[in-house]
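J.: return atomic coordinates for the entry below.
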Amino acid sequence: MERYQVHTKDVLAKLHATLAPIKRVPPEVLSEIFEWCLDARDPRMHPSMSTSNKVAPLLLGRVCRMWRAVAHATPHLWQDVSINVCDTRYSDELRSDALPVLQTWLAHSGGLLLNLVVLCKTDRVLPGLVELFETIDAHGTRWKTVHFLLQNSPVIFKLVCRTFVNYVQPLRFDLSSSPLRHLSLSLAGLTIRDVHASWASLTRLCFMQDARASTTSITDYVAVLRQCTSLKECGLSIGSGVRDAPLEPLTLPNLECLQFQLLREASHTTQIGDFLSALYVPQLRALAIQDYCPRREVISYHSQLRAFLRANAQSLRHLRFSVNSKLFTSEDMIALIMETPLLTELEYHPDENSSPKALLRALTPRIQGDVVDCALPNLERLFVYWDTSETVSMVGDMIEQRYALVERGIARLRHLSCKPVKVSIVYDCMPTHLLVENLAARLEALCRCGLQVDWEAYRYDLEFLYC
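T.: Have a look, this model is predicted:
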């Protein structure tokens with residue numbers, strides 16, 4: 001009797017599940033719902049997320065046969081594929097799911113172009129790795145974007161980018177056969193000369209190298225960029241490579257966003273200023289420079305940078321600097337932004353030895369008779385880093401005065417991000433020089449006027465700042 005009751009309850013539970021409202025949802029509606037279940041995070045930042053059986057799309061196929069059939073028939077669920085080649089740098093074998101994952105995504109994505117991320121931590125050619133790359137190569141026309149994250153793996157890089165003749169099965173993997181629009185590479189100890197791609201079709205190129213072993217020279221970058229006639233976004237890192245030849249003028253007619261990362265060991269002979277002087281980018285809207293290189297020719301570099309900003313002042317709207325205080329002071333930043341009066345977004349990230357006070361004074365409007373004197377009158381988004389309570393107060397004063405003069409031609413600030421500079425001291429309680437009176441009330445009043453605030457009070461004693 002007890003076994004009969006258990007069986008009956010099990011049958012009733014299955015009947016209730018069959019009558020559930022979700023069972024009556026049409027497959028096309030369920031398919032659209034499934035698409036909203038995809039993880040919104042960038043697969044390049046979370047390489048194993050898109051192929052985890054704990055998230056969509058694989059998780060959806062574990063619910064029931066109907067859901068699995070709908071998921072397999074929804075190509076947009078399978079557009080992002082991330083392959084983790086091995087578990088650790090010292091692994092002796094390929095991950096068992098690497099090739100099946102690739103084959104599954106290719107099978108269920110229909111004719112859609114895919115975004116491919118390959119994470120390879122090893123520097124050895126493991127059994128099965130050649131087959132994996134042969135499969136990638138065989139479907140070269142299926143890739144929309146390709147991101148290889150190779151950690152200190154020059155041998156694997158050669159396997160990816162050219163004929164690998166030292167093995168029984170030679171492999172030819174040439175990215176130039178793929179109609180790529182986006183290409184992102186994170187490499188160590190390698191140059192862009194080793195990369196073969198369809199440069200003319202690229203709209204986004206990111207070549208960020210490992211900080212310990214970057215050897216690509218400015219000359220190498222220029223040779224590649226000359227072929228990137230459709231490029232709209234470009235990110236480059238510059239390390240120990242030097243300018244080994246004079247630079248001819250370079251025109252990138254469609255480039256809108258340019259990012260430079262100058263690594264700490266970058267030589268002064270890199271001549272980034274010469275590169276900017278040779279560059280003509282009539283559509284440039286955003287420029288970001290992360291520069292921690294100790295350079296001997298600072299004055300010449302500043303002059304070349306100011307000339308570049310002046311030449312692009314009419315189109316440039318976003319400017320971001322993360323710099324060494326020995327290379328750029330607040331006064332230097334003021335001189336730079338004065339060349340770009342039409343900026344709508346500014347981010348200035350100094351190190352802990354520099355203060356943004358001089359920059360905040362320049363951004364604070366001053367009335368001189370009938371004239372309002374103010375740097376960047378069109379500024380709508382500001383990202384600034386604070387060091388003391390005086391700096392925080394100056395931020396509040398600057399915003400309030402800009403709001404008060406909106407009718408005099410000063411743009412209304414829409415977004416403020418204010419975070420502390422890196423602090424190396426841990427306090428038991430909030431010291432007096434970091435206290436800001438009535439800060440919460442002032443920020444609340446500004447928010448009521450339409451300001452979006454991203455405010456990081458203090459990394460150790462958040463509750464002590466608002467008093």
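J.: next one: the helix or strand where Glu331 lies to chain centre, how far?
T.: Assessed by DSSP states H and E, Glu331 sits inside helix 330-337. Helix 330-337 sits 25 Å away from the centroid of its parent chain (Cα atoms, centre = their mean, to the nearest Å).
J.: can you list the buried residues in that helix?
T.: 330, 332-333, 335-337 (16 or more other Cβ atoms under 10 Å). (Each C-beta comes from the backbone N, C-alpha and C, glycine too.)
J.: could you find the lowest-pLDDT member of the residues you listed?
T.: Looking at these by pLDDT, the weakest one is Ser330, with 77.
J.: excluding its backbone neighbours, what's nearest that residue?
T.: Among residues not flanking Ser330 along the chain, Ala358 sits closest, at 3.6 Å (Cβ to Cβ, 6 or more residues apart in numbering).
J.: Asn378 now?
T.: Ala411 (4.8 Å).
J.: part of a helix, is Val81?
T.: No - looking at Val81 with DSSP: H, G, I helix; E, B strand; the rest coil, it is strand, so not inside a helix.
J.: distance of it from Leu183?
T.: Using Cβ to Cβ, to the nearest Å, Val81 is found at 16 Å from Leu183.
J.: who has more neighbours, the two?
T.: Taking neighbours as other Cβ atoms under 10 Å, Val81 and Leu183 compare with Leu183 leading, 24 against 21.
J.: the more buried one: which element?
T.: With DSSP H and E as criterion, Leu183 is part of strand 182-187.
J.: now swap in Thr135 and tell me
T.: Thr135 belongs to helix 129-138, assigned by DSSP H and E.
J.: show me where the stretch 101-250 of the chain has strands.
T.: 114-120, 143-150, 182-187, 204-209, 233-238, 250-251 (DSSP state E, counting those that start in this stretch).
J.: ok, which of those comes nearest His196?
T.: strand 182-187 (10.9 Å; Cβ to Cβ).
J.: any idea of the mean pLDDT in that closest one?
T.: The model assigns strand 182-187 a mean pLDDT of 68.
J.: roughly how far does Thr8 sit from Glu2?
T.: Distance from Thr8 to Glu2, by Cβ to Cβ: 11 Å.
J.: now swap in Cys449 and tell me
T.: For Cys449, the distance to Glu2 - Cβ to Cβ - is 70 Å.
J.: please identify which of those two sits among more neighbours.
T.: Higher neighbour count among Cys449 and Glu2: Cys449, with 12 against 6, using other Cβ under 10 Å.
J.: just want the angle from the helix holding Thr135 to strand 114-120.
T.: 160 degrees (axes from the mean of the first three to the mean of the last three Cα atoms, to 10 degrees).
J.: now helix 129-138: buried residues?
T.: 129-130, 132-133, 136-137.
J.: for stretch 413-423, same thing?
T.: Buried residues in stretch 413-423, counted by 16+ other Cβ under 10 Å: 413, 416, 418-421.
J.: quick one: least confident helix or strand in this protein?
T.: Ranking every helix and strand in the chain by mean pLDDT, DSSP states H and E puts helix 462-465 at the bottom, with a mean of 36.
J.: next one: stretch 337-353 to chain centre, how far?
T.: Worked out by Cα atoms, centre = their mean, stretch 337-353 lies 19 Å from the chain centre.
J.: now for whichever strand or helix holds Cys447, which elements pack on it?
T.: Using DSSP H and E, Cys447 sits within helix 439-448. Judged by 3 or more Cβ pairs under 8 Å, 6 or more residues apart in numbering; DSSP states H and E, helix 439-448 is in contact with helix 389-404, strand 452-455.
J.: residues contacting the longest one, please?
T.: Residues external to helix 389-404 that are found in contact with it (Cβ atoms under 8 Å, 6 or more residues apart in numbering): 355-357, 360-361, 363-365, 374, 379, 384, 386, 410-413, 416, 418, 433-436, 439, 442-443, 446, 449, 451.
J.: taking helix 439-448 as reference, get the angle to the helix or strand just after it.
T.: Remark: after helix 389-404, the chain's next helix or strand is strand 415-420, criterion DSSP H and E. Counting by the same axes, to 10 degrees, strand 415-420 lies at 160 degrees to helix 439-448.
J.: so what strands line up beside strand 415-420?
T.: When pairs are called by DSSP bridges, strand 415-420 turns out to pair with strand 381-386 (parallel), strand 452-455 (parallel).
J.: which of the ones you listed is buried the deepest?
T.: Ranked by mean neighbour count, the strands paired with strand 415-420 are led by strand 381-386 with a mean of 21 (mean count of other Cβ atoms under 10 Å).
J.: with just CA atoms, put that one into PDB.
T.: What follows is strand 381-386, C-alpha atoms only, in PDB (Å, rounded to 0.1, in the frame of the first residue of the first chain):
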ATOM      1  CA  ARG A 381      30.500  63.500 -17.500                       C
ATOM      2  CA  LEU A 382      33.400  63.900 -15.000                       C
ATOM      3  CA  PHE A 383      35.600  61.100 -13.500                       C
ATOM      4  CA  VAL A 384      37.900  62.500 -10.800                       C
ATOM      5  CA  TYR A 385      39.900  61.000  -7.900                       C
ATOM      6  CA  TRP A 386      40.100  62.800  -4.600                       C
END
